[in-house]
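need a structure here:
(chains A and B)
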There are 2 protein chains.
Amino acid sequence: MTTPAYVAVDWGTSSFRLWLMAADDRVLAERRSGEGMTTAARLGFAGVLDAHLDAVKAPADLPVIVCGMAGARQGWIEAGYVDVPCALSAVLDGAVSVPGTKRDVRILPGLAQRSGTPDVMRGEETQLLGALSTFGDGERHVCMPGTHSKWVHVANGAVTGFSTFMTGELFDVISKHSILAHTLAGAEGSDAAEFGEAAEAAFRQPALATNFFFGIRAAQLLNGLGPTAAQSRLSGTLLGLELAGAHAAAKPGTAIALVASGRLQSLYEAAFQRLGLEYATIDADDAVRRGLAAAARSIWPQQQESHTA
Amino acid sequence: MTTPAYVAVDWGTSSFRLWLMAADDRVLAERRSGEGMTTAARLGFAGVLDAHLDAVKAPADLPVIVCGMAGARQGWIEAGYVDVPCALSAVLDGAVSVPGTKRDVRILPGLAQRSGTPDVMRGEETQLLGALSTFGDGERHVCMPGTHSKWVHVANGAVTGFSTFMTGELFDVISKHSILAHTLAGAEGSDAAEFGEAAEAAFRQPALATNFFFGIRAAQLLNGLGPTAAQSRLSGTLLGLELAGAHAAAKPGTAIALVASGRLQSLYEAAFQRLGLEYATIDADDAVRRGLAAAARSIWPQQQESHTA
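Numbering: from 1, shown residues only, chains lettered A, B, ... in the order given. Next up is the predicted model:
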C-alpha cells in the first residue's frame, strides 16, 4: 500500500470532505459528511476531524491542510483574509497553524475585497489555486456556483476582483418561505425548456427579476403551471439574473471558466449554452484537491519528498 | 346622527378594514383588524364580518361592498378576474353576490393579465378606481407598493397592462431566512443615507442586485456595518431593483402616480427623489375607500338616493 503523505480537508458551512493523499497527489481514501462548520462548531472541530482521520487510519504524524469555513471567525480558528488584488500564491503564505493539536494542522485564509462592493470568500480561493494550472497565464472570468456563487477575475496568476451572487440561497429561501412555496410544492426533476426560457428572459431584462418571480405564481393561477415547471422557472430566473450581473461586471471577451460538478455544473452549462456564452469546465472536486495539494507541497516540502523517496 | 348608506370592506391577505359610510361617502365609523383572508378562512368569513358589523351597529339591511383577497379562490367566494386591457369600470360590472347571507354582500373581482408576463391583482383595482378621478383622462404609471408591489399603466380610464414586483415579500424572507438575518438582527429605525445609496446603485445596475445583497454581509464582516444600516441597504437595494424594472417597462415620459400611505409612502418618495423621478402621491386609504364608494354607487343607486333624500 502507498504511504500517505498528507491529509486534505475542504470544510464548508454545511459539508465536510477529507482525502488521504499520497505524495504524488493520488487519493488513497475519501470521507464525506454533513459535519460542516455549523455542526462542527457544536460537536467540536478537533473531535470531528479525529474521527474521520481514525476512519481512514491516518498515521499520527500525518499533517492536515484545511480550507473553507473552518477558518471563519465562527469556525475552528480564524484564518483571516488575504486582500485582493493579490497573487493567488499569497494564500499559501497565509496558512494558520491550529494550536493544541497533536498533529500539524493548517487552515488556509480566505480572500477579501475591500474596495468597490465589499466581498469575501473561503474555500473558493483554494479551488482557484487548483484550477490555476489549467488557465496558464491567460485572463479568465471564473464562475464557481453554489449557495453563494463566486465570479472571479483572474489574470497571470493574480486575482484582481470578485463578486458573490446569492443565487443558491435565494433559490432556497424563495422556494421554502415565499408565496412560491405553494406553487413549487411537489416539484420533481426539472423542465429544461422552462429553465432555459426563464434564464434568457432574466439575462435580457434583469431588472424584471422579481416581476418574473411573481409571474410564476400568476402562471399557476391563470394557466395551471405545474410545480416542476415553476421550480425550473425560478431556478432559471435566478441564474439568468446572476449571469446578467456577472456579464455586466466582466471585461468584454474574457473567457469563462466554470469550476463546478454534478447538478450545478449541468445547470450552469445549460444556461451558458442557451445564452451563447463560451466557457470551459473544470471539475470542482479536482480543483479543490489540487489546490490543497499545492498548499501541502508549499508548506511541507520535506514531508512530501521523504514519502516520495 | 347621519344614517349609514352602505359598508365598505378592504379584505386583504393579512388585514381587514371596514368603514361604515354615509350616502355622501363620509366615514361614520371604522374598524381595522388582523383578520385577513388567512385568519378569516379559519374562523369563517361571515362570522368575522358580522362581528365587525355589530361593533359599528350597522342596520340589518345595510349592503356591504368588499374588495381584496376575500374574492380569491381560497377566500370567501371566488370573484374571478377581469382581463386586461379593460376599462376600470368593468370591475364594477363583475361584482359577485355572496349567497346565503342575510344582507346584500358583493365582492369585486380582481384583474388578470394573460399575455406577456402573467399577472394578477386583487384589491389594487379598487384603489385604482378610487384614484382614477385624480388622473382624469391622462396617462399614468401607477405605483401601489406593498408585499407585492403593483405598477399599472392607466390611460383614459383603462388599464393597458401591469407588473407585480415581489419587493416587500423578498425583504421579509431575506431578512428572516437568509444569511442576512444575522447581519440585520437588532436593527432599529432606518438610515436614510444608506437606503438612498443602495437604491441608486440597484437602480443603475439592477443585474447586480443579489451581489449587493451579499455585499451587505461582507460589509458587516470587513467594515463592521451595523444592523440598521444593513437593513436600510437591503430595503434600498430591493426598491432600486423594483424601480429599475418598472422604469424599463414604462413608456418614457409617463407621469408616476404613487398610491401609498404611511411608511411605504415615505420610502418610495425618498427613492423617487433620490433618483430624480417625478411623481404625485395619492393616499392609499382614501383611494380604496373612494373605489369602494364608486362601486356602491354603481351597484345600489336607489339605496344611496333614498338615504340622501
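
what about the helices in the stretch 101-250 of chain A?
A:124-135, A:167-177, A:180-184, A:192-204, A:209-223, A:227-249 (DSSP state H, counting those that start in this stretch).

Pull out the buried positions in the shortest one.
Of the residues in helix A:180-184, those with enough neighbours to count as buried (16 or more other CB atoms under 10 Å in any protein chain shown) are A:180, A:183-184. Where C-beta positions appear, they are placed from N, C-alpha and C, glycine not excepted.

Is it positioned near chain B?
No - judged by CB under 8 Å from any CB of the partner chain, helix A:180-184 stays clear of chain B, getting no closer than 8.6 Å.

Which secondary structure elements does that helix sit against?
Secondary-structure packing of helix A:180-184 (3 or more CB pairs under 8 Å, 6 or more residues apart in numbering or on different chains; DSSP states H and E): helix A:167-177, helix A:209-223, helix A:227-249.

Kindly report the same for the longest one.
Applying 3+ CB pairs under 8 Å, 6+ apart, we find helix A:227-249 packed against strand A:149-155, strand A:158-165, helix A:167-177, helix A:180-184, helix A:192-204, helix A:209-223, helix A:262-275, helix B:209-223.

Show me the shaky parts of chain A.
Chain A contains residues with pLDDT under 70 at A:1, A:303-309.

Of all the helices of the stretch 101-250 of chain A, which one is nearest residue B:43?
Comparing those by their distance to residue B:43 (CB to CB), the top pick is helix A:180-184, with 20.8 Å.

Name the residues that touch that closest one?
A:174-175, A:213, A:216-217, A:220, A:225, A:227, A:230-231, A:234 (CB atoms under 8 Å, 6 or more residues apart in numbering or on different chains).

quick one: which of the residues you listed is nearest to chain B?
Closest approach between the contacts of helix A:180-184 and chain B, by CB to the nearest CB: residue A:213, at 4.9 Å.

I'd like to know how far the closest one sits from residue A:237.
6 Å (CB to CB, to the nearest Å).

List, one by one, the residues from the stretch 1-150 of chain A near chain B.
A:73, A:81, A:112-114, A:117-120, A:148.

Neighbour-wise, which one of these leads?
Counting neighbours by other CB atoms under 10 Å in any protein chain shown, residue A:119 leads these with 26 neighbours.

Grab the nearest non-local neighbour of that residue.
Take residue A:119 and drop its neighbours on the chain: the residue closest to it by CB to CB, 6 or more residues apart in numbering or on different chains is residue A:113, 4.2 Å away.

show me the contacts for the one you found.
A:83-84, A:119-120, A:161-162, B:218.

Any of these buried? List them.
Looks like the contacts of residue A:113 have A:84, A:119-120, A:161-162, B:218 buried, using 16+ other CB under 10 Å.

Out of the helices and strands packed on helix A:180-184, which one sits most buried?
Of all the helices and strands packed on helix A:180-184, helix A:227-249 has the most neighbours on average by mean count of other CB atoms under 10 Å in any protein chain shown, namely a mean of 24.

Now that one - C-alpha only, CSV.
Only the C-alpha atoms of helix A:227-249 are listed here, as CSV (Å, rounded to 0.1, in the frame of the first residue of the first chain):
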residue,chain,number,x,y,z
PRO,A,227,-44.7,22.7,-9.8
THR,A,228,-41.8,21.2,-11.8
ALA,A,229,-42.1,23.9,-14.5
ALA,A,230,-42.5,26.5,-11.8
GLN,A,231,-39.4,25.4,-10.0
SER,A,232,-37.4,25.4,-13.2
ARG,A,233,-38.6,28.9,-14.0
LEU,A,234,-37.5,30.1,-10.5
SER,A,235,-34.1,28.5,-11.0
GLY,A,236,-33.7,29.8,-14.5
THR,A,237,-34.7,33.4,-13.5
LEU,A,238,-32.1,33.4,-10.6
LEU,A,239,-29.4,32.0,-12.8
GLY,A,240,-30.2,34.4,-15.7
LEU,A,241,-30.0,37.3,-13.2
GLU,A,242,-26.6,36.1,-11.9
LEU,A,243,-25.2,35.8,-15.4
ALA,A,244,-26.5,39.2,-16.4
GLY,A,245,-24.7,40.7,-13.4
ALA,A,246,-21.5,38.7,-13.9
HIS,A,247,-21.6,39.6,-17.6
ALA,A,248,-22.1,43.3,-16.9
ALA,A,249,-19.1,43.3,-14.5
